[in-house]
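K.L.:
With the sequence up front, the predicted model follows.
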Amino acid sequence: MSESRGQDGLISPDAVLIRASERLAHQFAGMVSEETVERVVFESYASLGRTASVKTHLPSLAEKFARDRLTALAQSKGLIAKGVPEVLYVCVQNSGRSQMAAAITRHLAGDTVHVRSAGSQPAGGLLPEVVTVLEEAGISVGDEFPKPLTDDVVRAADAVITMGCGDACPIYPGKRYLDWELADPAEFDLDGVRAVRDEIRANVESLLAELTPVAH
């Protein structure tokens, strides 16, 4: 198959996204239609492109984001079993609080909980201070990036924890909703961000004690 290339000789984003759509359509065959897969892939690319500070890896990030959205969609329809509790953390920019909560949860819970995070108004990247204080605690977030809040990930979640995003998160019956009152780390120096990190860790430990009582 010939590839569409731009004047710089690089394969066009559309061609890369079509290939991604084909891969994901194969992965989710029998669960999600090809049309839905392609729509989610191009939607994901467009929504990430509105805020991404670096565009170089945008198609690959869009594929990763689309895969997670399609998994959530299949989970919410009962087509993919949820072997562990699904937790969704939501803040405004998905660059600080919700990223720290997700990273700390993964660090503490391992594979006993599956975690997603999102923002009602996602930023272009993670706060450098957040990356620093997590690395101090032995937690890497090298592959993470701010993601917009989408309906499919809310539907798939068992517990939705919000942090300062107000009424942006849709409400569905049968889910557990918590609101953690946490200061925005964007307003602090490193010591202040460390304090927010430690407060989040305490909240996460309490949540995990309820979600995975045997493991904790």
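P.N.:
Done, it's in.
K.L.:
Name the residues linked to the nearest residue to Arg176 once chain neighbours are set aside by a beta bridge.
P.N.:
Excluding the flanking residues, the one nearest Arg176 by CB to CB, 6 or more residues apart in numbering is Ala159, at 4.4 Å. Glycine gets a C-beta too; all of them are placed from N, C-alpha and C. Beta-bridge pairing of Ala159 under DSSP bridges involves Val87, Arg176.
K.L.:
residue contacts, Ala159?
P.N.:
85-88, 175-178, 207, 211 (CB atoms under 8 Å, 6 or more residues apart in numbering).
K.L.:
would you turn those into JSON lines with neighbour count, pLDDT and distance to Asp111?
P.N.:
Below are those laid out as JSON lines (neighbours: other CB atoms under 10 Å; pLDDT from 0 to 100; distance: CB to CB, whole Å):
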{"residue": "Pro85", "neighbour count": "19", "pLDDT": "93", "distance to Asp111": "11"}
{"residue": "Glu86", "neighbour count": "23", "pLDDT": "95", "distance to Asp111": "13"}
{"residue": "Val87", "neighbour count": "26", "pLDDT": "97", "distance to Asp111": "13"}
{"residue": "Leu88", "neighbour count": "25", "pLDDT": "96", "distance to Asp111": "17"}
{"residue": "Lys175", "neighbour count": "15", "pLDDT": "84", "distance to Asp111": "22"}
{"residue": "Arg176", "neighbour count": "14", "pLDDT": "89", "distance to Asp111": "21"}
{"residue": "Tyr177", "neighbour count": "12", "pLDDT": "91", "distance to Asp111": "24"}
{"residue": "Leu178", "neighbour count": "14", "pLDDT": "93", "distance to Asp111": "22"}
{"residue": "Leu207", "neighbour count": "23", "pLDDT": "95", "distance to Asp111": "16"}
{"residue": "Leu211", "neighbour count": "20", "pLDDT": "87", "distance to Asp111": "13"}
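K.L.:
Good, wrapping up.
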